[in-house]
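K.L.:
coordinates only, sequence not included:
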């Protein structure tokens, strides 16, 4: 019997493989998405070589005993290894679950099938083993894994070292994951490893995983022998990896349903027996998303042991030992308050996350004919469960019935969607990503259920726990995507540079103090003190101030951000992609009318207001067209409200038909019928008979719309004439391909072009009579059979009005040198027309549309003038590549991506502003291609079909009713693109603020370091309250309030720097440092030449040297320098409003200037006592004040004129250079 699956019997250590013909089914149209999940295979066969301590996914290959299994009486659940290559048939390979079988080299199992076969396939591991796992690429992508085995001797040495270092070694191991493995373990073979060191691909984060040995004991009821199965496994990021000794690798556990629908119904519909369920609990865990709960003390320890706080603690200890008690106590209190605030936020976020994930309910599970009520946490993959009302407990493939589901949490789309069952007789191979219309995702809300063939609505659990869609959301929060913005990396590099500078200053100060015969303990304290000054631990936090205020301002404008680092990234966007419908144009479409057609041509346009009256009184083709419009949709009732696609609602309302679908408890098919009020009753005929003869249509089966197919269809039964008919609705181009050529109107292309060119959206309808099809046979009809050899009916013409703000916003982006690109699934001519209306293209632009000639291998792509139909030869020397405008459809884009002609693809990316007939995956690929050109790319869409593109872009803006969804980093609740320049303005302002913060904190550290180093020359230093005044009185208000200056009202074409390592940044820093250091040195020298000056005779004790003329003058000069630099870096143009508009910050700067001037010119006795200021002649105080004032003016003018005005800010152009593109473009 199968190890995992079946409805009865206990598994044995042996089983057999049975080969199936399912792989051949993958050559169908849906094969490329047959399985979007596969186990990450990691490891190295122990038989290959002895260098298996480093295991790289990109280099290793593996062998495995594999087969695609079919079981007649019970099903076999499987792990799937999908080796996916673009545009090639996917291979679905089943690897049975009992992967660890000690001392066994056979992959055979006892099966209920009589046929036994086996095979071996050699599969290379993909470069990115997680690339086909939807939304988990960055989470599970692994760079390398190394096996280690614990060494007892090293472990004992580690414990002794930890005790000797008072736990500091443990602290280092906490900060550097993997260090403890290096110290306590030795590299070893994979099979003997006790630990695994995994390095994440994108973040290089190391994780040490402990390998566990588990045993499963099962009693065979017939032989009464105890069977013991052993498993070696480890957990990495909530996923389980199990060791397969046969091939010497670890496999990520994945449950798949990549089988034909008919097979799923037949073999998986029976449920899971207890023996299989026990194994699956080991492999997949409980169906719960549990966040580790920590008490307040544990969280506080985590917060305090953070490197930032630990460095602060060391600083406080140094200051305390140096008798800076007031300063040390103040910083300690502030650090404790900051830690408590951080603890509060951490606890609040954890509780919020826990509340989001904590969900359990009772569900009904079926095993064969047995019905049992269980807790949702006990669900395992493969369980057949009844669909509960409310939140879905796991990801479920619907086997029977229909559900209305709210998926706003996942997509941001507020319109409920219809989920339908997988057809029992269909040969379509299930795909988690392609068949979302059959899948209820965890965390989405089931609003309504409708029975169909059975007396219950049920499905099969396909993913549980963290593997579900909801679990993926939580994983993305627990393991966020790496921030690839260079600015953040540079900031941490700068901290490292400052640490090197601190070490240099440490050495210099030690030498200087040694020459002054300062005691060694004093030298060490002084040197450590300079390190605490030179290394600014507050730099990473200070640089987030602008982001925090920007998020708050965005929230006030109904824009919500769930990824704060993306705020700064939005300030660097060079190219913005827009969806069309619902984004640039109104979400709702207005039905202009219907154009019935036949082989002779099209009839006149039937206006929407007269649709029913004209079509119902027309010929049979007109009546069929009316029935098609009334029945070919996915509309349904939730309570008394008709829900579904707004476009379909508009069309259905125009037919005046009634949808009879109110009884959700009924399993009878939905019907549509014409309005009774419009019927003319014949007085000679019984009214009841006439009602029975109404042209009522029963909807027997629906094939939902799929973007890859560009169509949907329904199979209906004409109640009056007992005919079974298939109605198909979709894009005109696709319907044209599916129809009999003799039924296509002669002027089809011309009519379609006319409407599309005027900006109308056009759909087409067709039908097919299903002869000799009984009602009981409907569920066995294949989709391809229902949608082929069609008879054309007509066109649906709809107008899509432009949103009033769209042209103005596109114009704003154009003036700001941000290129706008339309990426839509609509007709290319419609897209070009809308692009010209909104400003993406100029009204007089000549656009050449790329068309694909399948039969022409030499010139597969032709460029046709969208207005005249004339062709363009890109090889012609007369073509000016800087002036042409191209447009591309999805098929042509696929050809370009697959081709080796990089130049042509680059030209298309550069000169195409319209991409039409693009599927969601093609939209995502387009954005990736632009990113490959080192462009910062944004995407704005409605959050439904654009989810992948929104997540792939550097910033994604979802137009959604909900305040926040996982569809995109930004969500705007206002349904227009007015939010786009708002996000860009705030992004530029926040990024400019971050640069100001960086330069200010860096300069503050340098200035104070120079001040202290100068004073160390006489064994003096700044006093306790002097440090406090500079840090808290000057630095803190400037850092806090500089981010409150609002963004500029207009979007400018300039952009802040994207990296800290640039000439402009260094020019600014070096110039200010030279001026500040010159002021300090000049004051130091000038003071010594004064007749009244009496130099300090250094005492051995530093504390007795604090009250002196040198320290007073240095304190005043450094305070003014700190204030002057703060004022210089407050220059807000061109990205923010004038600093004078920020009255609080302006008053603060004026107040601080007055305070420092007061301490300089008119110090009172109390101030002298607190700040240890000595008496200086009044004339020199004025002289010193003038020096500082001159420095303030020089610093301001230097930043404003030389840095900002002369060097300016970069203006990024989103165009590529086209100088070397004149190649043979016809070679695709």
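P.N.:
Structure's in. What do you need? The model shown is predicted, which means the values in this text are computed figures rather than measured ones.
K.L.:
Now do residue 1208 against residue 397, distance only.
P.N.:
58 Å (CB to CB, to the nearest Å). Where C-beta positions appear, they are placed from N, C-alpha and C, glycine not excepted.
K.L.:
same thing with residue 259?
P.N.:
11 Å.
K.L.:
Overlap of the contact sets of the two?
P.N.:
Here residue 259 and residue 397 share the contacting residues residue 430, scored by CB atoms under 8 Å, 6 or more residues apart in numbering.
K.L.:
between residue 1208 and residue 397, which one's more packed in?
P.N.:
It is residue 397, of residue 1208 and residue 397, that has more neighbours when counted by other CB atoms under 10 Å, with 22 against 11.
K.L.:
what residues are up against the more buried one?
P.N.:
Contacts for residue 397 (CB under 8 Å, 6+ apart) come out as 257, 264, 422, 430, 435, 438, 439, 459, 460, 462.
K.L.:
Check residue 1180 too.
P.N.:
Contacts for residue 1180 were tallied using CB under 8 Å, 6+ apart; they are 1087, 1090, 1092.
K.L.:
Please give me every residue in contact with the second one.
P.N.:
Spelled out, that is residue 1090. So residue 1090 contacts 1177, 1180 (CB under 8 Å, 6+ apart).
K.L.:
Roughly how far does it sit from residue 1183?
P.N.:
Distance from residue 1090 to residue 1183, by CB to CB: 9 Å.
K.L.:
What ranges does the stretch 101-250 of the chain have for its strands?
P.N.:
119-124, 142-150, 185-187, 195-200, 206-210, 212-219, 226-236, 239-244, 249-252 (DSSP state E, counting those that start in this stretch).
K.L.:
how about the ones you listed, which one is nearest residue 901?
P.N.:
strand 119-124 (26.2 Å; CB to CB).
K.L.:
Point to the residue nearest the middle of this protein.
P.N.:
residue 951 (3.7 Å; CA atoms, centre = their mean).
K.L.:
if I've got this straight, that one is in a helix?
P.N.:
Yes. Checked against DSSP: H, G, I helix; E, B strand; the rest coil, residue 951 lies within a helix.
K.L.:
Identify the spatial nearest neighbour of it, chain neighbours not counted.
P.N.:
Nearest residue to residue 951, sequence neighbours excluded (CB to CB, 6 or more residues apart in numbering): residue 968, at 6.9 Å.
K.L.:
do residue 658 as well
P.N.:
For residue 658, ignoring the flanking residues on the chain, the nearest one in space by CB to CB, 6+ apart is residue 673 at 5.7 Å.
K.L.:
From residue 702, how far off is the one you found?
P.N.:
In terms of CB to CB, residue 673 sits 18 Å off from residue 702.
K.L.:
Compare those two and say which one has the larger neighbour count.
P.N.:
Taking residue 673 and residue 702 together and counting by other CB under 10 Å, residue 702 has the greater number of neighbours (22 against 17).
K.L.:
Give the next helix or strand downstream of the helix or strand where residue 498 lies.
P.N.:
Secondary structure assignment for residue 498, by DSSP states H and E: helix 486-515. Next helix or strand after helix 486-515 toward the C-terminus (DSSP H and E): helix 520-534.
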